[in-house]
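A.B. asks: sequence unknown, structure follows:
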């Protein structure tokens, strides 16, 4: 059992009675986060764009913790689909308390080889998709307002970013640009919405064992090279991110607004300078 998984299993039901939506939740970080929120007591909508069978398996695991869950297929880059997804959640669960804008993808290429389609697809999903999810959740937060017996805030938005919101990444200019955009979008939304009792924050993972980056850790040689970038000397697990999102979305973090929580084993500490540069 990983360190992250052990911590997650001990999480108390700090989100009891709350309603959460996690995008891109049928695999990787999104899957672990959706399950973690359910384990903490939240009812959860499992969004996916492909992989219905995997999404239903996540739903069943969430339900095993005594909460409600269902899967919803939607492309977060499509405005009409995001609107319909949140509308259905409000109809089925009554409201939304937590939006975790996690869905993301990569379309890697050197800048001279990158097509406009590759650039636009990543921006559409990773940045515009998060904006649409945040916008629709905010409408419901403002309509409902604060319900003190549920949460001290009117709503929580957690944007899934990356260490590459501040670390340049050659060969991934579309991805790094999208995550840099997430940073400023999150901070601007936090500034705008805090007076209405809405908390907007971000979680920025470092190297995590997920299918999207399997080539970076799947062999001993690749993992050894990767660990040179991680002062803590282990690759993260999806549960490490789930733990961070769960606590950040709870009232334990009620005074945390407009902050990025880096969950990266120290990757943003410039490890190349550890021996003096």
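C.D. replies: Cool, got the structure. Model, not experiment: these values are computed from the prediction.
A.B. asks: hey, let's count contacts and neighbours off CA atoms from now on
C.D. replies: OK.
A.B. asks: isn't residue 12 right up against residue 40?
C.D. replies: Yes. Applying Cα atoms under 8 Å as the test, residue 12 and residue 40 come out as touching, 5.8 Å apart.
A.B. asks: So the two - more neighbours on which side?
C.D. replies: Between residue 12 and residue 40, residue 40 has the larger neighbour count (other Cα atoms under 10 Å), namely 26 against 11.
A.B. asks: give the contact list for that one.
C.D. replies: For residue 40, the contacting residues are 11-16, 246, by Cα atoms under 8 Å, 6 or more residues apart in numbering.
A.B. asks: Which stretches in the protein count as helices?
C.D. replies: 3-9, 28-39, 52-63, 79-93, 116-123, 129-144, 173-193, 220-227, 238-248 (DSSP state H).
A.B. asks: wait, which of those helices is closest to residue 158?
C.D. replies: Nearest of the helices of the chain to residue 158, taken as Cα to Cα: helix 238-248 at 7.2 Å.
A.B. asks: Which other helices and strands does that closest one contact?
C.D. replies: If contacts are counted by 3 or more Cα pairs under 8 Å, 6 or more residues apart in numbering; DSSP states H and E, helix 238-248 sits against helix 3-9, helix 28-39, strand 198-205, strand 260-263.
A.B. asks: Roughly how far does residue 240 sit from residue 207?
C.D. replies: Computed as Cα to Cα, to the nearest Å, the residue 240 to residue 207 distance reads 11 Å.
A.B. asks: Quick check: closest non-adjacent residue to residue 203.
C.D. replies: Closest residue to residue 203 apart from its sequence neighbours, by Cα to Cα, 6 or more residues apart in numbering: residue 261 at 4.8 Å.
A.B. asks: can you check residue 215 too?
C.D. replies: Closest to residue 215 by Cα to Cα, 6+ apart is residue 222, at 7.3 Å.
A.B. asks: The one you found reaches residue 214, doesn't it?
C.D. replies: No. Under the criterion of Cα under 8 Å, residue 222 makes no contact with residue 214, lying 9.6 Å away.
A.B. asks: circling back to that earlier point, emit the ChimeraX select command for whichever of the contacts of residue 40 are buried.
C.D. replies: In ChimeraX syntax, the buried subset of those is picked out as below (16 or more other Cα atoms under 10 Å):
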select :11,13,14,15,16,246
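A.B. asks: With distance to residue 233 added, can I get the contacts of residue 40 in a markdown table?
C.D. replies: Compiled in a markdown table, the contacts of residue 40 are given as follows (distance: Cα to Cα, whole Å):
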| residue | distance to residue 233 |
| --- | --- |
| 11 | 25 |
| 12 | 28 |
| 13 | 31 |
| 14 | 30 |
| 15 | 32 |
| 16 | 35 |
| 246 | 24 |
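A.B. asks: Going by distance to residue 191, which of the contacts of residue 40 wins?
C.D. replies: For the contacts of residue 40, the nearest to residue 191 is residue 246 (21.9 Å; Cα to Cα).
A.B. asks: Roughly how far does the closest residue to that closest one other than its chain neighbours sit from residue 121?
C.D. replies: Spatial nearest neighbour of residue 246, excluding adjacent residues (Cα to Cα, 6+ apart): residue 37 at 5.8 Å. According to Cα to Cα, residue 37 and residue 121 sit 29 Å apart.
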